[in-house]
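Asks: A predicted structure for the sequence below; I have some questions about it.
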Amino acid sequence: MARDFNTQGRHEPNVPSNTLTYFFKEALRRIWTAKRTSFVAVTMISISLCVLGSFLLLSENLQRAVEQWQGRSRVTVYLSAEVTNDELKGVNAFLAAHPDLSSRHFVGRDEALQRFTTYFTNLAEVTGNLEENPFPPSWEIEVRPEIAQTRAFDAEMDDLRKVPGVDQVQLDWEWTRRLRHIIDLLNVIGIAAGGVLAIAAAFTIANVIRLTMMLYHEEIEIMRLVGATERMIRGPFFIEGVLQGTIGGCVAVAILAAGFFAGQKTLAPSSSLLWGFLFGSFLPWQKILVLILGGTAAGWFGSWLSVHERAEE
Amino acid sequence: MINFYHVTKRFDRYSTALHDLTFQIDKGEFVFLTGPSGAGKSTLLKLILRQITPTEGQVVVNGRNLNTMKHSLLPYFRREIGMVFQDFKLIERMTVFENLSFILTVLNVPPKEHKRKAYAALRAVDLHHKLNAYPLQLSGGEQQRVAIARALINDPLVLVADEPTGNLDPDMSRDIIRIFADANLRGSTVLLATHDRELIRESGRRVITLEHGRISEEKMQIAERAAPRSEHVFGMAQ
């Protein structure tokens, strides 16, 4: 015998390129053969990533709005609707006495109404029917950011609140702080809901792969008998799950993009402020990549679950 | 090459397929394994391919003790064995060519060589015109020959066949035996399980007879009729 086939201590070699081609070909063929079950798996992944992506999109746009406002440190002093001239003078005197509050602009009732109708064009009819202007006058004061969140300034604002004629003193950074909490909450909800759905999707993929493996049970047995390694047998199933997950991720991004740009086109111009913020910009490429790779990971996890389980059998 | 040391295989308390078998098949031998149905022939072949493990005793093939061989080495061991299964074990959704090409993929043979090797293997069993047929489109005998071509495609060290002529007419059976003889001449050790007494009588080979899981007879068969010289040239490995 000319050859020596000593395999003692031999390790499984790296998968050669023709084997990888075989993996992909087989995986695509199996997806095509089991179209319906594959469709269910891809749909599940798409739905879960759409949910996660929607939250990401919402928080992304709110985050952008917060960052836009964060640079400004503005105080809005709302005066009572029935403020008297004396009270007005008192407020002005207080503001004049404090050099931190020197950069200010008075917004009269008419200007406030006009701003509202500009921001919320779809509510213009409602305000037009009002007999009386409901908006109070206010002072908008730009404060230097470095002093805006100091204790001394907080004390100053407490004093201002006590001045007769002042109804409310609103600090912009409090509002953005609250919005930040909302964004954090949205992110947590999104990740939790998306995560739970992604796990469910991974289990769906696991079941699809499990079914496929049962379908190919005899073939797998033949492969083992003719000397195919476990890597070669499992490879196409792994690739099948990974492909299903990746396709699901891409479909989710496509659905989100279609929904976003359609919304931007139809909703944003008609009601400027709110929709303008929500439809500001689509997800950055990094988050798009995270969504697609999330699908890939869910697919990989699903196929790993089933292949691992079947191999142990 | 193939050594059985006091091998017993029990499937359960009441069913013992093989009783204390001890025999040796040397490198380059061509051995017939015969016996009535249920004698334990298929069990013995399954032990050689390590589809099953013995209850007692040791099985050593190609110098490897199959009882202690690591599971991760099993695929590499099986690649050295050409096995013709009684039920062919062809992959039905693949064409004849794809069935053979799959084995070559397992053996890491470059894809550009698949067609040439598959064609040569099928030519040796006279089925080269059925390259693109599916197994279910073939007769039992043709499927048998595809299974033989698959087993021989890589010139295995050991060739094991379970009733390879079971579905063939006498002339085709002789042709198949010649193909195995050619493989044997090229260096493969051959163990062939068959019921066909006629073939065994003509062979002039060593015969192991099993009955009720025991070796009832082990002899060198004297050829009763000289088999014509093989016209087949099985040059797939070249």
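Replies: Everything's here; your move.
Asks: in the stretch 1-150 of chain A, which spans are helices?
Replies: A:17-33, A:35-70, A:85-97, A:109-119, A:124-128, A:145-148 (DSSP state H, counting those that start in this stretch).
Asks: packing partners of the fourth one?
Replies: Yep, that's helix A:109-119 we're talking about. helix A:124-128, helix A:272-278 (3 or more C-beta pairs under 8 Å, 6 or more residues apart in numbering or on different chains; DSSP states H and E). (Each C-beta comes from the backbone N, C-alpha and C, glycine too.)
Asks: any idea which of these scores lowest on pLDDT?
Replies: For these, mean pLDDT drops lowest on helix A:272-278, to a mean of 65.
Asks: next structured bit after that helix?
Replies: Using DSSP states H and E, the helix or strand that follows helix A:272-278 in sequence is helix A:285-312.
Asks: not counting its neighbours along the chain, what's nearest the residue nearest in space to the middle of chain A?
Replies: Averaging the C-alpha coordinates of chain A gives a centre point, and the residue nearest to it by C-alpha atoms, centre = their mean is A:Leu56 (0.1 Å). Once flanking residues are discounted, A:Leu56 sits nearest to A:Lys287: 5.6 Å by C-beta to C-beta, 6 or more residues apart in numbering or on different chains.
Asks: for A:Thr176, same thing?
Replies: A:Val66 (5.1 Å).
Asks: ok, the residue nearest to the centre of chain A touching A:Ile189?
Replies: No: using C-beta atoms under 8 Å, A:Leu56 is not in contact with A:Ile189; the gap is 11.1 Å.
Asks: would you mind listing what in the stretch 201-313 of chain A touches chain B?
Replies: The stretch 201-313 of chain A has residues A:Glu219, A:Glu221, A:Ile222, A:Met223, A:Arg224, A:Leu225, A:Val226, A:Gly227, A:Ala228, A:Thr229, A:Glu230, A:Met232 near chain B, with proximity defined as C-beta under 8 Å from any C-beta of the partner chain.
Asks: so which helix or strand takes in the fourth one?
Replies: Right, A:Met223. helix A:217-225.
Asks: could I get the CA-only coordinates of that helix as CSV?
Replies: This file holds the C-alpha atoms of helix A:217-225, laid out as CSV (Å, rounded to 0.1, in the frame of the first residue of the first chain):
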residue,chain,number,x,y,z
HIS,A,217,-32.0,13.4,8.8
GLU,A,218,-31.2,10.6,6.3
GLU,A,219,-28.8,12.8,4.4
ILE,A,220,-27.0,13.7,7.5
GLU,A,221,-26.6,10.1,8.4
ILE,A,222,-25.2,9.4,4.9
MET,A,223,-22.8,12.3,5.2
ARG,A,224,-21.5,11.0,8.5
LEU,A,225,-21.0,7.5,7.0
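Asks: and the helix or strand just after that helix with helix A:17-33, angle?
Replies: Sequence order places helix A:230-266 as the next helix or strand after helix A:217-225, per DSSP H and E. Between helix A:230-266 and helix A:17-33, the angle comes out at 60 degrees (axes from the mean of the first three to the mean of the last three C-alpha atoms, to 10 degrees).
Asks: helix A:230-266 packs against which elements?
Replies: Applying 3+ C-beta pairs under 8 Å, 6+ apart, one finds that helix A:230-266 makes contact with helix A:17-33, helix A:35-70, helix A:172-215, helix A:217-225, helix A:285-312.
Asks: pipe those into TSV and attach mean pLDDT per row.
Replies: Output for the helices and strands packed on helix A:230-266, formatted as TSV (pLDDT from 0 to 100):
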stretch	mean pLDDT
helix A:17-33	81
helix A:35-70	83
helix A:172-215	81
helix A:217-225	87
helix A:285-312	84
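Asks: so which of these is nearest A:Val166?
Replies: helix A:172-215 (16.4 Å; C-beta to C-beta).
Asks: figure out how far that closest one is from the centre of its chain.
Replies: With C-alpha atoms, centre = their mean, to the nearest Å as the basis, helix A:172-215 stands 10 Å off its chain's centre.
Asks: what angle sits between that helix and helix A:230-266?
Replies: Going by the same axes, to 10 degrees, helix A:172-215 makes 140 degrees with helix A:230-266.
Asks: which strands or helices does helix A:172-215 pack on?
Replies: Using 3+ C-beta pairs under 8 Å, 6+ apart: helix A:172-215 touches helix A:35-70, strand A:74-79, helix A:230-266, helix A:285-312.
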